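# One predicted model, sequence on top.
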Amino acid sequence: METLKIIKIGGNIIDDSQSLESFLIQFAHLNGPKILVHGGGKLATQLAKQMDVPVKMNEGRRITDNETLDIITMVYAGKINKKIVAQLQVNDCNAIGFSGADGNSIVSVKRPTQPIDYGFVGDVKQVNTKTLEVLLNNSVTPVFCAITHNEKGQLLNTNADTIASELAIGFASIYNTELYYCFEKNGVLEDLENDDSVIETINTETYKTLKHNNIIFEGMLPKLNNCFHAINHHVQKVCIGKPSMLFTTNALFTTIQK
């Protein structure tokens, strides 16, 4: 089976135009089929403030009312997605921008309103690979933003880490899928103040210990939950770190194991 790389970028890589441009030049020249997934929360927050739309969060997760959904659709599926696609074209990587609605590729259900009503937030129900397979077989790279749909005409804000994980799982019977979460840190850190304190391997048992000792908490927990979800559903490789882990042999990063 051929290897498919699914790469999610977030954090400062998205927010800093130079970092994004540098990453996309390297990404464009990665051999083999690949899918890119991106976030964009900081830019959405900036636009909301400019438009005097209140930004409501709960434990780091965005509560998405009608106005907020309009803003994230503009930012995620519009500005960021099309900028990335255009830069990939410059670097001879033929790409097409996707939300989950495009090609009916990712179907979600609206999250239950209890215990907290997150509004128009979706939890992934199904990944449909057929349209994406055609593109991948013709050397076209799908670029996914963090929006899905419910097959009833409703767009839903969906966590980009979750989208990447579900895509990797969806393709696991067709390709050897590898999942990479790229951000500005070297990996999962034992000490947040020391970027070299990378925990190079985390399995289910060590994860429990790290959580119990409050070494891993808050924003890293949902990311790692998505990592374990993928590795437990036939994804061959899951890694977290800087983009350098994709392009060099001596990079520090974290590998997730069962």
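Yep, it's here.

# ok, and what's touching stretch 174-185?
Where contact means C-beta atoms under 8 Å, 6 or more residues apart in numbering, the residues beyond stretch 174-185 that reach it are 1-13, 19, 23, 33, 129, 133, 161, 164-165, 168-169, 171, 195, 223, 227, 230, 234-243, 245-246. Where you see a C-beta, it was placed from the backbone N, CA and C, and this is true even at glycine.

# May I have that stretch exported as PDB, CA atoms only?
Below are the C-alpha coordinates for stretch 174-185, written out as PDB (Å, rounded to 0.1, in the frame of the first residue of the first chain):
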ATOM      1  CA  ILE A 174      -6.800   2.500   1.400                       C
ATOM      2  CA  TYR A 175      -3.300   3.800   2.200                       C
ATOM      3  CA  ASN A 176      -0.700   3.400   4.900                       C
ATOM      4  CA  THR A 177      -1.700   6.700   6.600                       C
ATOM      5  CA  GLU A 178       0.700   8.900   8.600                       C
ATOM      6  CA  LEU A 179      -0.600  11.800  10.700                       C
ATOM      7  CA  TYR A 180       1.500  14.800  11.600                       C
ATOM      8  CA  TYR A 181       0.500  17.600  13.900                       C
ATOM      9  CA  CYS A 182       2.800  20.600  13.100                       C
ATOM     10  CA  PHE A 183       3.000  23.700  15.300                       C
ATOM     11  CA  GLU A 184       5.600  26.000  16.800                       C
ATOM     12  CA  LYS A 185       6.900  23.600  19.500                       C
END
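
# Off-centre distance for that stretch?
Distance of stretch 174-185 from the chain centroid (C-alpha atoms, centre = their mean, to the nearest Å) equals 9 Å.

# Looking at it now, give me its mean pLDDT.
Throughout stretch 174-185, pLDDT has a mean value of 96.

# Which residues belonging to that stretch are considered buried?
Neighbour counts using 16 or more other C-beta atoms under 10 Å place Tyr175, Thr177, Glu178, Leu179, Tyr180, Tyr181, Cys182, Phe183, Lys185 of stretch 174-185 among the buried residues.

# Just these: which are in helices?
Counting by DSSP state H, the buried residues of stretch 174-185 place none of their members in helices.

# about what we covered before: mark which of the contacts of stretch 174-185 are part of strands, please.
Within the contacts of stretch 174-185, residues falling in strands by DSSP state E are Thr3, Leu4, Lys5, Ile6, Ile7, Lys8, Ile9, Lys237, Val238, Cys239, Ile240, Gly241.

# Filter those down to the buried ones, PyMOL style.
Written as a PyMOL command, the selection of buried residues from these, which uses 16+ other C-beta under 10 Å, is:
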select buried, resi 4+5+6+7+8+9+237+238+239+240+241
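
# between the ones in strands among the contacts of stretch 174-185, which is nearest Phe217?
Nearest to Phe217 among the ones in strands among the contacts of stretch 174-185: Ile240, at 15.3 Å, using C-beta to C-beta.

# That'll do, ta.
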